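> how does the following fold in three dimensions:
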Amino acid sequence: MSLRNPAPCALCGGTTFVRGTVLERSGDPPRLEPLAITFRRKTAYKSLFSLEEIQTRDADLDLPKGELEALFCRSCGKVDWFVKDPDEVPIGDEYGTELVEVEPGAPYR
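Presented below is the predicted three-dimensional model:
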């Protein structure tokens, strides 16, 4: 299911779109992975004898958060990007994300 409300293209008025998960090639050997806003941190055990897990500073490349979906107009090619599950994207310097709040009615920056 697309994250975009059904409406004609804002650029050309087209009504046919193509939606897909945005992929990137990474690793050695190369493999296709979803492009994402950030990744969860790796977890490790506190000590050899402890079951308590702690988050490390390293990104867990197998746990992307905020995978990107693109929807493009079949007529003119205009692309709209959306984040899947935006409420699950972690916020913080360690994730390279920050929360920016805008007052209602304020100009977009």
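
> quick one: residue 99 from residue 6, how far?
Going from residue 99 to residue 6 by Cβ to Cβ, to the nearest Å gives 29 Å. Every C-beta, even on glycine, is put in place using the N, C-alpha and C of the backbone.

> actually residue 21, sorry about that
Distance from residue 21 to residue 6, by Cβ to Cβ: 20 Å.

> doesn't residue 81 belong to a strand?
Yes - membership of residue 81 in a strand is supported by DSSP: H, G, I helix; E, B strand; the rest coil.

> contact partners for it?
Residues counted as contacts of residue 81 (Cβ atoms under 8 Å, 6 or more residues apart in numbering) are 22, 68, 69, 70.

> tell me the bridge partners for residue 97.
residue 92 (DSSP bridges).

> residues touching it, list them.
Contacts of residue 97 (Cβ under 8 Å, 6+ apart): 37, 38, 89, 90, 91.

> state the helix or strand in which the second one lies.
When you say that, I think you mean residue 38. strand 36-45 (DSSP states H and E).

> so which elements touch the very next helix or strand once past that strand?
Next in sequence after strand 36-45, counting helices and strands by DSSP H and E, comes strand 53-73. Applying 3 or more Cβ pairs under 8 Å, 6 or more residues apart in numbering; DSSP states H and E, we find strand 53-73 packed against strand 17-21, strand 31-34, strand 36-45, strand 79-83.
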